[in-house]
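S.K.: how would this look folded up:
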Amino acid sequence: MITSEILQVVIVTLAVIAVSVLCLLIIRKRFGHPLMAKHNDVAGFIYAVVGVIYAVLLAFVVIVEWEMFCDSNSKVQNEVQSLASVFRDIQVFDEPQRSLVQHEILNYTNLVIKEEWPLMAKDQYSEKALASSRRIFNLVTEVRPANDYQKIWYQDLVSRVNSFCDDRNQRLEAGKQSIPLFMWDVMLLGAAITIGFSFLFGTEELWAHSIMMAALSAIVTLVLLLVMALDHPFHGIIMVTPEAFEDQLNRFMTYYAAQPK
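M.R.: The predicted model follows:
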């Protein structure tokens with residue numbers, strides 16, 4: 001199935017290819033093949049240096065963006081694990097604290113999946129999910145251990161709920177991380193230079209030169225679009241999904257279904 005994002009990628013790539021080939025035709029018509037062919041040897045050495053520098057730059061940016069994307073996904077996993085630990089550890093304590101905390105965890109998980117995740121695509125967060133996370137924290141602080149055994153578990157429970165709150169904040173901040181605008185300027189200018197420099201080569205067959213130009217324009221455009229996709233981890237073609245929350249919610253619901261009525 002072709003999504004709107006994939007269609008946009010195809011349109012942008014074809015547009016860049018069309019512009020590049022058009023510029024090539026204009027330059028060949030203006031200067032002619034024989035004149036440009038005289039400088040192929042010198043231009044080849046210079047273009048090799050330009051190509052290597054730009055390839056290294058793109059590779060570096062892609063690696064950095066991929067690490068940031070994986071880090072965002074890791075923060076989501078950490079939050080889910082902390083939330084699941086609070087849900088598990090609260091079972092040691094008596095009612096009504098146990099049910100209150102577990103029900104609020106269910107409410108929070110639903111809010112993150114249904115409301116907050118779409119908002120994160122806009123670098124926003126859910127006020128309801130934030131309020132729910134605070135209620136989870138407050139409910140845990142209201143727990144009063146009844147014996148020494150519960151006191152031991154309570155220390156771990158407090159540590160877990162603090163980790164949950166920290167992990168939530170880190171998840172929200174991860175969605176705002178991006179490479180500097182100046183780096184985007186450098187990459188776009190480098191793309192223009194790399195593609196534009198190839199116009200200066202003289203080949204006898206126009207169709208061969210056009211195919212090579214189209215291939216170069218396509219690969220540079222696709223790599224830049226890949227960087228753009230990774231730069232926004234919570235929306236787009238490549239995104240961190242709420243699957244971890246959904247799986248954990250199913251486990252919570254399975255737990256409740258297994259409880260005696």
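S.K.: ok, and what's touching stretch 88-107?
M.R.: With Cβ atoms under 8 Å, 6 or more residues apart in numbering as the test, stretch 88-107 has contacts from 83, 86-87, 132, 135-136, 139-140, 142-146, 149-150, 153-154, 156-157, 160, 249, 252-253. C-betas here are computed from N, CA, C, even on glycine.
S.K.: looking at these, which are in helices?
M.R.: Cross-referencing the contacts of stretch 88-107 against helices under DSSP state H gives 83, 86-87, 132, 135-136, 139-140, 149-150, 153-154, 156-157, 160, 249, 252-253.
S.K.: just the buried ones from these?
M.R.: 83, 86-87, 132, 135-136, 139-140, 153-154, 157, 160, 249, 252 (16 or more other Cβ atoms under 10 Å).
S.K.: determine which two of those residues are furthest apart.
M.R.: Farthest-apart pair in those is Tyr154 and Leu249; separation 25.5 Å (Cβ to Cβ).
S.K.: quick one: least confident helix or strand in this protein?
M.R.: helix 33-37 (a mean of 65; mean pLDDT, DSSP states H and E).
S.K.: show me what contacts the residue nearest the centre of the chain?
M.R.: The residue lying closest to the centre of the chain (Cα atoms, centre = their mean) is Pro233, at 1.7 Å. Listed by Cβ under 8 Å, 6+ apart, the contact set of Pro233 reads 68-69, 72-73, 174-175, 239-240.
S.K.: just give me the least confident of those residues.
M.R.: The lowest pLDDT within those belongs to Gly175, with 82.
S.K.: just checking, that residue touches Ser72?
M.R.: Yes: with contacts counted by Cβ atoms under 8 Å, Gly175 reaches Ser72, the gap being 7.0 Å.
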